[in-house]
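J.: sharing a model prediction with you, sequence too.
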Amino acid sequence: MLEEAGVTQPDDIDLDRLAEAEGAEIVYDDLDGATASVMRIGAFARIRISNRITDLGAQRFTGAHEIGHLRLNHEVPLGNTNEVIERICKPLEKSRKAPERAASIFASEIVMPESLVRRYCAVPYITLAPAREIASDFATSLLASAMRITEITTERCAVAYSVLGRVKWIKRSATFPDWIPHGRRVDPTSAVADYYERGKLDPATRMLAVEAWLPRQRVDGTNVQIVEQSAAIPELGVVFTMLWIPNRELSHLDLAA
Ligand SMILES: [Zn+2]
């Protein structure tokens, strides 16, 4: 789809234009209880996004999710003038339903195409810095951008999402050890613990002993350091952290540079 639209750089990813190519238009509207919906009207389709979503990254992801339902030929009801029948979605929440997941994977590939994002991942240190660059260039949220890095890089990294000082979920790169239990209390040396105790987040990169996040025996190799950098979503009481286990020994000076 991106090839058909001639997308070669982040600025080319114009969701209204991509929707048009699928015979759809995107409108912002009052939606009761839903984030977005899509319906067919004859040969055309209408994607509605809730006007309560004001974050540009969330709007783009949501629009791309609905385009995904059309492009992937998911069941999209046919509306008529007497009744409005729509496919209702909450793409910003996790879903177990296969078409919802497929549309969200599609959305992430559209708003952050692997071919364009890959070079942002080719950095010497995996922190939130490359995620900030992606967020800025692709108009995506910092959290979604950090998660995208874990999908593309070969480095051992993960995004940990913590609420009230406990890990709620983890998104790992293929090489990051699967050993952080959900619900685990975050170690006191982590900036996440400080935020929970004092309500202030240290945005700096920290280098910790790997045990702060993982049992040492679960980490291959001799390097037992883990690098973390966190960002908060204060309105949700959430902190998300980019974790990285470097393959070589680093000093604090490397990270400060
Ligand atoms: Zn959906």
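T.: Good, I have the coordinates. Numbers count the residues shown, from 1 in each chain.

J.: W213 against I180, yeah?
T.: Yes: using C-beta atoms under 8 Å, W213 is in contact with I180, at 6.1 Å. The way it works is simple: take the backbone N, C-alpha and C, and place the C-beta from them, glycine included.

J.: which residues touch whatever residue of the stretch 1-150 of the chain ends up closest to the ion?
T.: As assessed by C-beta to the ion, the ion sits closest to C89 within the stretch 1-150 of the chain, at 3.1 Å. Neighbour list for C89: 34-38, 62, 65-66, 69, 100, 103 [criterion: C-beta atoms under 8 Å, 6 or more residues apart in numbering].

J.: just the buried residues of these.
T.: Among those, those buried by neighbour count (16 or more other C-beta atoms under 10 Å) are 35-38, 62, 65-66, 69, 100, 103.

J.: low-confidence ranges in the stretch 51-200 of the chain?
T.: Residue ranges of the stretch 51-200 of the chain with pLDDT under 70: 81-84.

J.: contact residues of it facing the ion?
T.: For the stretch 51-200 of the chain, the residues in contact with the ion (C-beta under 5 Å from the ion) are 89, 100, 103.

J.: in helices, which of the residues you listed appear?
T.: Those of these mapping onto helices are 100, 103, per DSSP state H.

J.: of the residues of the stretch 51-200 of the chain next to the ion, which is the nearest to G79?
T.: Distance to G79, by C-beta to C-beta, is smallest for C89 among these, at 15.4 Å.

J.: burial count for M39?
T.: If you count neighbours by other C-beta atoms under 10 Å, M39 ends up with 21.

J.: what helix or strand is L243 located in?
T.: Assigned by DSSP states H and E, L243 belongs to strand 238-245.

J.: swap that for Y196, please
T.: Per DSSP H and E: helix 191-198 holds Y196.

J.: relative to the whole chain's centre, how far out is the next helix or strand after that helix?
T.: Counting by DSSP H and E, the next helix or strand C-terminal to helix 191-198 is strand 206-209. Mean C-alpha position of strand 206-209 versus that of the full chain (C-alpha atoms, centre = their mean, to the nearest Å) differs by 24 Å.

J.: cool, stretch 209-216 as well?
T.: Computed by C-alpha atoms, centre = their mean, the chain-centroid distance of stretch 209-216 equals 25 Å.

J.: now what about that stretch, what contacts it?
T.: By C-beta under 8 Å, 6+ apart, stretch 209-216 touches 160, 177, 179-180, 187, 189-190, 219, 223-226, 228, 243, 245.
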